[in-house]
Each structure stands twice: as C-alpha cells, then as structure tokens.
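Asks: Starting from these lines, generate the structure:
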Amino acid sequence: MSVHGFIIAEIAATGAGQADASLVFRPGLNVVAGASNTGKTYAYQLIDFLLGASRPPKRVPLARGYSHGQIEMRVRAGGTLSLLRALSGGAAAAYPVPLDDIHGDEPDVVLRGEHERANRDTISGRLLEFSGLAGREVRKNERGEKRSLSFRDVAHLCLNDEKRIITELSPALSGQYIEGTAERSVFGLLLSGVDDAAIIPQEKPQQRKLRLQAELDTLHRLLTEREHRLGAFNMDMEDLPTQRARLESAIARALELRATRQADLDQAARRRDRIWAEIERVRSRRLFVGEQLKRLRLLNEYYGSDAARLESAMEAGEMFERLPSGQCPVCGHVPGQSETAGEADRQLQEFREACSAELAKIEALTRDLARSVTSLEEEDSSLSSAVATLGQELREANRVMNALLEEGVSTADAELETLLATRTHLSEAAFVAAEVLDLRTMYSGTEQALKARIPRVKFSKKVESSGTAPFCQFVADLLRAWQFPLEGNVSWSDDRFDLVIGNENRGDLGKGFRAVTHAAFTIGLMRYCRALSLPHPGIVVLDTPLNPFKGPDQDSPERVNQDVQEAFYADLAADTSGDQVIILENTEPPRAVRDSMQYVHFSGNPAAGRVGFFPYRLDEQATDSEE
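Replies: Just a heads-up that it's a prediction; the model follows:
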C-alpha cells in the first residue's frame with residue numbers, strides 16, 4: 001500500500017544581515033501559541049506562500065530586511081525537498097536535502113510558482129505528486145469542462161487562517177461562485193479518490209453554433225466543387241450502375257479473348273522453339289558427318305598409297321631377279337654357294353605372296369571404306385535437305401507468331417486497354433457521385449444539428465448525503481473526543497454543501513463553534529482519507545481554531561469552553577498516524593499534553609523566552625497589527 005503525503009520539518013524567513021526567523025515541526029501535533037502581534041499569522045502566511053500561494057506574507061515592520069522564505073519537507077514515501085522562494089513571489093529553488101545542508105549550492109531544479117498541467121517541475125506539481133494527486137482532473141462548470149487539479153485546489157481543505165475558520169461558508173467552499181463547481185469536485189475527489197477525467201465536456205452553445213456554421217460553409221464549398229466535377233463527366237448518374245455492369249462484362253470477355261490469343265501465341269512459340277531445336281540438332285549432326293567424311297577420305301588416300309608401295313616392291317623384286325649373278329654393285333657382296341637359284345625363287349615367291357595378301361586386305365578395307373563414305377555422303381545430303389525444310393518451317397512459324405502479335409494479341413491488348421480506361425473513368429465518376437451524396441447527407445445533418453436545440457447535460461453529484469455518512473462519522477467521532485456539545489449525529493446537507501451538527505446547520509452555529517467544527521471538518525477529512533488509503537497531503541494547518549474571538553467577557557457564548565480545548569489538544573496529541581497538525585493559537589495548550597507535542601511559545605516580551613517568529617531587535621519596535 002502506497003503512503004501519500006508529506007510533513008513540514010521547518011520553515012524560515014531569511015535576509016542579508018538578518019538572523020533567521022524559523023520554526024521547526026515534527027509529525028503529529030505542533031502548537032505555536034502566544035500573544036498577539038508576535039508573528040503567528042505571518043508564519044501561517046509564510047507556510048501558505050511556500051506551498052505555492054501566489055500572495056506573499058503581509059509586509060510587516062518586523063519582516064523588513066527579510067527577502068526569502070524557506071521550507072523543508074519530508075516526504076512520507078521517502079526523501080526530502082527544500083524550497084527557497086523570494087518573498088516577492090515567483091519560482092522556487094528546489095534542493096533534495098535538508099535546509100541545513102544547503103550552502104550556496106546550485107538548486108537541483110527550479111520549480112515554477114504557477115501550476116501547469118502535466119508539469120512536475122512546479123511547486124504545485126511536486127506537492128500533488130507527494131500527495132498522490134498528480135495528473136488528476138476536476139470539472140469546473142456545468143458543461144463538464146475540466147481543468148488540471150492544482151495544489152491550490154486542495155490547500156483550502158488543509159490550511160485555514162483565522163478569518164476562514166470562522167466563516168459561515170462550508171469548509172469545502174471558498175465563496176467564489178465561479179469556483180464552486182470545481183471546489184465541489186475537489187472535495188468529491190478526496191472523499192472517493194475518483195477524479196473527473198472520464199467526463200466528456202458539453203460544448204458551449206455559441207461555440208457549437210460557430211463550429212456548425214463553419215462546418216456548413218466548408219461542406220457547401222466542397223459540395224459545389226464536387227458537383228461541378230460530377231457535371232464534367234456528362235453522363236446519366238442514375239444509369240451509372242448499369243453502364244459499369246455492362247463494362248465489366250465486356251472486360252471479362254476481352255480478358256478471355258486475350259487469354260485465348262495468348263494461348264495461340266504460346267503454342268506457336270513452342271512450335272518455333274521445337275523447329276529451332278531440331279535445326280540445331282541437324283546442323284550439329286551434319287558437322288559431325290562432314291568431319292567423318294574428311295577423315296575417311298584421308299584414310300582412303302592412305303590405303304591407296306600403301307597399295308602402290310606394295311605393288312612397287314613386287315615389281316622391284318621381279319627386276320632384281322632378272323639381274324645376272326656376281327658381286328653386288330652396292331655392297332660388293334658375292335653370293336655364297338649355298339644361295340642357289342632355287343632358294344632365291346622360293347624367297348621371291350614368298351615375298352610376292354605376302355605382298356599379294358596385304359594388297360587383298362587393303363582392297364577389302366578400301367571397299368568397306370567406300371561403302372562408309374557413300375553412306376555418310378547420303379546422310380549429309382539428307383541432312384542438308386532437312387535443314388532447308390526446317391528453315392522453311394521456322395520462317396513459317398515466325399510468320400504465324402508475328403501475325404498473332406500484330407493482329408491478335410496487340411488488338412486484344414488495345415481493346416482491353418480502352419475498356420480499362422473507360423472503367424477508370426466510370427469509377428472516378430462513381431466516386432465523385434458517392435462524395436456528392438455523402439456531402440449532401442452531411443450538409444443536411446449539420447443543417448439540422450444547427451437548428452436543433454441541445455438539452456443541457458446534468459452531471460450527477462459526486463457528493464451527496466447518502467455517500468458522506470462515513471466522513472460524517474469521522475467528524476462526529478472527533479467532536480465527541482473533543483467533548484463538543486453534540487446532540488445527535490453529524491450529517492450532510494446537500495443544499496449547503498456542509499455539515500449538519502445535530503439538528504443545526506454548521507454555518508448557523510456561533511463563531512467559536514464554527515471554528516471548532518471547521519477544524520473537525522478539516523482534520524476529519526485527513527483522518528478519513530488516511531483510514532481509507534485515499535490521497536491527501538497529510539498535513540493540516542489551522543490558525544486560531546479555539547479562540548477566534550478574544551472579548552472581555554470570559555463567559556461569552558462565542559468562546560470555546562476549557563473542557564473542549566483540553567480534549568481537543570489531548571486527542572490530537574495522541575494521534576500516531578504520522579500525519580501532521582500545526583495549530584497557531586492565542587492561548588497556551590494544557591501543560592499535561594505539552595510533552596506529547598512540538599510546542600513553541602511566543603511571549604511577546606523580550607525578557608520572557610522567545611519573543612515571536614522574528615528574532616528580537618533592539619532597534620525595532622513592533623507596531624504590527626497583523627492579528
């Protein structure tokens with residue numbers, strides 16, 4: 001469970017050459033009491049100013065020479081934030097450390113004094129973040145217009161000065177009529193934890209009229225331009241659907257014809273490719289046959305040469321045989337006796353037979369070779385004729401393809417292109433016609449809306465008596481703990497937007513009772529939010545909640561009796577929730593509970609303790625009439 005809120009650890013007023021005027025606080029009850037004209041109201045105003053109020057503390061003689069206000073805050077979720085703000089107003093320098101640790105350092109960030117939506121670098125943004133209220137929106141009027149929640153919207157439910165605490169107005173309201181709706185929304189936000197972000201605002205009548213009239217002017221201009229474009233098509237718009245239907249049928253037929261002609265073209269292309277492939281195959285075969293013929297013819301020449309050599313050898317042998325015997329004219333050899341004529345004849349005969357056998361073999365090979373050559377020559381002739389025939393077929397296939405391209409496919413493409421262009425034209429006309437129809441419908445609807453009277457939206461109340469019972473019970477418990485003379489219960493008045501104490505409206509009570517019940521309202525709201533884990537700053541600062549009127553008659557009904565005062569302090573001193581209550585009062589709290597609180601007494605007498613908020617100066621006589 002997240003912990004919302006912060007406490008004020010210290011406030012101070014500083015100035016060049018001046019002793020610091022400061023107050024130190026702690027969680028729980030803090031009381032600053034004492035005589036009038038001692039600076040209690042200034043301290044309250046300083047707290048309010050340092051928490052983002054635009055109005056600085058009232059200028060009093062004792063504050064002369066003081067230029068800056070300082071505040072140190074401890075965040076309940078963890079962390080410290082110290083602010084230094086010029087008493088003339090404006091932004092605040094922020095430091096994430098206690099005041100005592102700031103020694104002329106540059107600030108961590110400068111927080112703007114004015115609230116800005118979704119900007120955490122403002123005093124309001126940081127305090128809302130600490131309080132669990134960042135990013136909330138509240139309704140500001142009956143039309144449902146919203147604005148970003150500022151910490152100043154919450155401040156009057158936490159901080160109450162001596163004038164506001166006795167007012168007859170509801171503690172939830174400031175009395176400013178224009179802020180009434182927003183203040184009711186803020187109080188409802190704290191009671192429920194739900195803001196008005198989901199509300200859709202109602203347009204102002206005059207703004208609505210101006211917007212609709214501007215829309216009419218724009219629609220009229222667009223409608224005139226579209227009707228002019230539509231007239232340029234020069235066609236019967238009522239017959240447009242029929243024309244488009246006929247056109248789509250024609251396009252479908254053209255696409256079918258285009259597909260058929262493309263199929264014929266594809267078939268012719270495949271036939272041409274087959275012929276070309278056959279031509280390439282035949283040419284390749286013819287090249288091979290030609291090479292083979294060259295080789296066979298060369299081989300035939302080799303065979304003829306071999307046969308001629310054999311025949312020449314045989315003739316030479318016969319001539320050698322006829323020569324007379326004797327010494328060889330070349331080598332001088334003389335045949336021996338063993339080399340007889342018979343032996344020579346036999347050898348010659350063997351030589352002749354060998355040559356004849358070889359010649360017979362060559363003749364057989366030559367005959368086979370002749371047959372092969374003849375076969376190849378016949379094949380070459382056939383291939384040549386095939387190439388010529390295929391060439392003619394290829395030319396015919398190309399002619400057919402060209403004819404299909406020029407007369408078939410191209411014509412179909414041209415027809416289809418014309419049909420598609422016509423369809424584009426009709427589609428554009430149909431689109432413009434649809435635009436005209438839509439614009440006429442919108443113009444008529446806007447015209448009727450301009451004439452119509454829109455009823456005011458009534459938003460449900462976020463705060464009603466039926467839903468405030470738990471909060472009223474917290475207030476009743478407080479008043480009983482304070483021994484307030486409560487007869488009956490505490491309830492809620494929707495009409496006055498305020499508490500009913502017993503049977504009497506809170507604002508109708510006497511001044512002293514209004515102050516006490518105002519304090520009960522403010523502290524009760526903080527305790528209610530803490531008990532239900534709802535967002536709340538977790539601090540309450542009250543200026544003179546018990547003795548708003550100091551008359552000479554001690555028995556005046558305007559005064560709060562002593563029993564209530566003692567019970568009031570005892571109850572607040574016993575609170576250990578960690579929330580903070582700061583009381584600025586004229587009379588001192590009971591001695592019995594002073595040890596349970598952070599107590600500071602302003603004597604107003606330089607000879608008796610602390611004089612007041614500002615350190616005593618001998619050269620300054622207090623003429624302040626602030627209280």
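Asks: Residue ranges in the stretch 101-250 of the chain under the pLDDT threshold?
Replies: The stretch 101-250 of the chain contains residues with pLDDT under 70 at 237, 240.
Asks: Glu585 contacts Pro545, correct?
Replies: Yes - in terms of CB atoms under 8 Å, Glu585 counts as a neighbour of Pro545; the distance is 7.2 Å. Bear in mind the C-beta positions are built from the backbone N, C-alpha and C, glycine included.
Asks: So for these two, which residue has more residues nearby?
Replies: Taking neighbours as other CB atoms under 10 Å, Glu585 and Pro545 compare with Pro545 leading, 27 against 22.
Asks: What sits closest to the more buried one if chain neighbours are left out?
Replies: Distance criterion CB to CB, 6 or more residues apart in numbering; nearest residue to Pro545, sequence neighbours excluded, is Ala519 at 4.0 Å.
Asks: Let's verify that neighbour: helix, strand, or coil?
Replies: Three-state call for Ala519 (DSSP: H, G, I helix; E, B strand; the rest coil): helix.
Asks: Run through the residues that contact it.
Replies: Residues near Ala519 by CB atoms under 8 Å, 6 or more residues apart in numbering: Asn160, Ile165, Leu542, Pro545, Phe568.
Asks: Relative to Ala430, how far out is Thr224?
Replies: 20 Å (CB to CB, to the nearest Å).
Asks: More neighbours: those two, which one.
Replies: Ala430 (16 against 11).
Asks: For that one, identify the helix or strand it belongs to.
Replies: helix 410-451 (DSSP states H and E).
Asks: Please put the alpha-carbon coordinates of the next helix or strand after that helix into PDB.
Replies: The first helix or strand that comes after helix 410-451 along the chain, using DSSP H and E, is helix 469-481. In PDB, the C-alpha atoms belonging to helix 469-481 read as follows (Å, rounded to 0.1, in the frame of the first residue of the first chain):
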ATOM      1  CA  ALA A 469     -22.000   9.100   6.000                       C
ATOM      2  CA  PRO A 470     -18.500   7.600   6.600                       C
ATOM      3  CA  PHE A 471     -16.900  11.000   6.500                       C
ATOM      4  CA  CYS A 472     -19.600  12.400   8.800                       C
ATOM      5  CA  GLN A 473     -18.900   9.600  11.300                       C
ATOM      6  CA  PHE A 474     -15.300  10.600  11.400                       C
ATOM      7  CA  VAL A 475     -16.200  14.200  12.200                       C
ATOM      8  CA  ALA A 476     -18.700  13.000  14.800                       C
ATOM      9  CA  ASP A 477     -16.100  10.900  16.500                       C
ATOM     10  CA  LEU A 478     -13.700  13.800  16.600                       C
ATOM     11  CA  LEU A 479     -16.300  16.200  18.100                       C
ATOM     12  CA  ARG A 480     -17.200  13.600  20.800                       C
ATOM     13  CA  ALA A 481     -13.500  13.000  21.500                       C
END
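Asks: and helix 469-481, what other elements does it pack with?
Replies: strand 490-493, strand 498-501, helix 511-531, helix 562-573 (3 or more CB pairs under 8 Å, 6 or more residues apart in numbering; DSSP states H and E).
Asks: which ones are touching Asp563?
Replies: Contacts for Asp563 were tallied using CB under 8 Å, 6+ apart; they are Gln483.
Asks: quick one: secondary structure of the residue nearest the centre of the chain?
Replies: Closest to where the C-alpha atoms of the chain average out (CA atoms, centre = their mean) is Ala118, at 16.6 Å. Look at Ala118: counting by three-state DSSP, its state is coil.
Asks: Quick check: it vs Pro485, distance?
Replies: From Ala118 over to Pro485 (counting by CB to CB), the distance is 48 Å.
Asks: Would you list the phi and psi of Arg147?
Replies: phi -140, psi 160 (degrees, to the nearest 10).
Asks: what about the residue nearest to it when sequence neighbours are not counted, how many residues close to it?
Replies: Closest residue in space to Arg147, ignoring its immediate chain neighbours: Lys140 at 5.2 Å, by CB to CB, 6+ apart. Look at Lys140: counted by other CB under 10 Å, it has 20 neighbours.
Asks: picking that back up, for the helix holding Ala430, the distance to its chain's centre please.
Replies: What separates the centre of helix 410-451 from the centre of its chain is 37 Å, taken as CA atoms, centre = their mean, to the nearest Å.
Asks: Next: stretch 506-517.
Replies: Put simply, stretch 506-517 sits 53 Å off its chain's centre (CA atoms, centre = their mean).
Asks: Pull out the buried residues from it.
Replies: Within stretch 506-517, the residues that count as buried by 16 or more other CB atoms under 10 Å are Arg506, Gly507, Leu509, Lys511, Gly512, Phe513, Arg514, Ala515, Val516, Thr517.
Asks: Okay then, goodbye and thanks.
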